[in-house]
Each structure stands twice: as C-alpha cells, then as structure tokens.
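S.K.: Whatever this is, show me its structure:
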Amino acid sequence: MIKCDTTPHKILSAKKKENRRRFLKFSALSAVVFLTYGIQTTNAGYWANKERKIKLRNLWTNEKISVVYWQDGKYINKALQTINNLLRDWRTGEVGEIFYQLPDHLIKIATFLDADAEFDVISGFRSTRTNSWLAGNSEGVSINSLHTIGMAIDIRHPKISTKELFIAGKKLELGGVGYYKESDFVHIDVGPSRTWIKS
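M.R.: Numbers count the residues shown, from 1 in each chain. From the prediction side, this is the model:
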C-alpha cells in the first residue's frame with residue numbers, strides 16, 4: 001500500500017529523463033491539437049483576457065490556491081510552480097511539471113460556460129509508482145497515463161455539473177476529455193483530441 005511521504009515536496013530528478021522522453025513523444029501531437037482548437041474556437045472571451053487567473057482546491061489535502069499564471073502575453077514561472085505543488089502526487093509527495101496548457105484548458109471551459117475558473121482537483125500529477133499501483137487496483141487507470149508526465153487532470157467544479165464540464169470540453173475539442181459518471185469527475189488532458197464516457 002502506498003503511504004504519504006512526509007518529507008519536503010521535491011521534484012525527483014530520477015524520473016526526469018524518463019518523463020522528458022515521454023513528454024517529447026506527446027508534445028508534437030499536443031501542438032497540433034493546440035493549433036486546431038486555438039484557431040477554430042469561438043471562445044472569444046478567453047482570448048480577450050489580459051491575464052489568466054485560476055482557483056484550485058486539492059480535494060485530498062484541502063489546499064487552495066488562487067493565482068494569476070499568465071499576464072501580458074507571458075506565463076509566470078512562480079505561479080506555474082505554485083500550480084505544480086498543489087497538483088503534486090499527494091500519496092508520495094512527488095511534484096511534477098504540469099504542462100502549461102492544462103490550466104489554459106480549464107480557463108477555456110470556464111469562459112465557455114460563463115463561470116468562475118475554480119476547480120476541485122481529484123488527480124493532477126501522478127508518480128509512476130502511484131500510477132502503477134492504481135492501474136493494478138482500479139479499473140480505468142492506464143499504465144501509460146498522461147498524469148505521469150503532467151499532461152492530465154481530473155476535476156469537478158463547485159457550481160457546475162460534471163456533465164456540463166464534459167460537454168463544454170467536448171465542444172471546444174480540448175485534447176482528451178473523459179466523463180466518469182459514477183466517480184463524478186471529468187478528465188482533461190493535452191493529448192490528441194478524443195472523448196469518452198465511463199459509468
């Protein structure tokens with residue numbers, strides 16, 4: 001059984017080369033997806049924003065953040081690090097580098113639904129150790145999950161149903177969008193555009 005590590009949260013360098021190789025494998029696909037939805041989306045409010053601010057709550061640790069992570073055409077590294085820390089693997093304490101398009105996806109969904117960009121997080125970054133354990137003990141967890149390279153997040157919204165979140169993500173063609181009815185969350189990733197529903 002995996003136990004939560006009480007040591008300070010650090011990015012474990014032993015995993016970085018492996019994660020980098022997997023990142024490069026998916027980044028080309030993600031770039032194509034970004035260009036596709038970036039040009040075609042009618043989500044004009046998102047593009048009009050001079051800053052991108054997001055509120056996140058980790059449902060496992062109850063930590064909350066509210067950060068402006070993009071401003072004046074630039075991503076803010078310190079804010080992205082704050083997001084990385086909140087989305088760490090809470091079981092092991094390992095912090096991963098979250099792909100910057102993930103919070104962008106969430107902002108797009110919120111803007112599309114005319115809602116505040118505040119989300120409850122079920123799962124963000126996931127260490128390979130945790131993911132292997134989950135894949136062996138849970139249904140629907142891929143051994144090659146994009147969570148392990150910081151390219152996926154599972155979320156809810158405090159004021160919007162998960163079904164509505166899924167429909168919005170599907171319409172916006174935001175990479176991978178999965179609706180998990182029984183567990184009541186939506187999976188969002190920055191891989192190729194695809195959708196699925198699981199009971």
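
S.K.: For the rest of this, base every contact and every neighbour count on C-alpha atoms.
M.R.: Will do.

S.K.: Next, name the residue at the spatial heart of the protein.
M.R.: Ile153 (2.9 Å; Cα atoms, centre = their mean).

S.K.: so what's that residue up against?
M.R.: Leu102, Val121, Ile122, Ser123, Gly124, Phe125, His147, His187, Ile188, Asp189 (Cα atoms under 8 Å, 6 or more residues apart in numbering).

S.K.: try 10 Å
M.R.: 87, 98, 102-103, 106, 121-126, 146-147, 177, 185-190 (Cα atoms under 10 Å, 6 or more residues apart in numbering).

S.K.: Go through these and flag which are in strands.
M.R.: Val121, Ile122, Ser123, Val177, Phe185, Val186, His187, Ile188, Asp189, Val190 (DSSP state E).

S.K.: The third one and Gly175, how far apart?
M.R.: So the one you mean is Ser123. With distances taken as Cα to Cα, to the nearest Å, Ser123 is found 17 Å from Gly175.

S.K.: could you say which helix or strand contains Thr130?
M.R.: According to DSSP states H and E, Thr130 maps onto helix 128-137.

S.K.: could I get stretch 164-175 in PDB with only the CA atoms?
M.R.: Written as PDB, here are the backbone C-alpha positions of stretch 164-175 (Å, rounded to 0.1, in the frame of the first residue of the first chain):
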ATOM      1  CA  GLU A 164     -21.800  20.200 -18.300                       C
ATOM      2  CA  LEU A 165     -18.000  20.400 -18.000                       C
ATOM      3  CA  PHE A 166     -17.700  17.400 -20.200                       C
ATOM      4  CA  ILE A 167     -20.000  18.800 -22.900                       C
ATOM      5  CA  ALA A 168     -18.100  22.100 -22.900                       C
ATOM      6  CA  GLY A 169     -14.700  20.300 -23.200                       C
ATOM      7  CA  LYS A 170     -16.100  18.200 -26.000                       C
ATOM      8  CA  LYS A 171     -17.400  21.200 -27.900                       C
ATOM      9  CA  LEU A 172     -14.100  23.000 -27.500                       C
ATOM     10  CA  GLU A 173     -12.100  19.900 -28.600                       C
ATOM     11  CA  LEU A 174      -9.700  20.300 -25.700                       C
ATOM     12  CA  GLY A 175      -7.500  17.300 -26.200                       C
END
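
S.K.: residues of that stretch that come out buried?
M.R.: If you call a residue buried by 16 or more other Cα atoms under 10 Å, then stretch 164-175 has these buried ones: Leu165, Phe166, Ile167, Ala168, Gly169, Lys170, Leu172, Glu173, Leu174, Gly175.

S.K.: Quick check: the third one vs Lys108, distance?
M.R.: The one in question is Ile167. According to Cα to Cα, Ile167 and Lys108 sit 13 Å apart.
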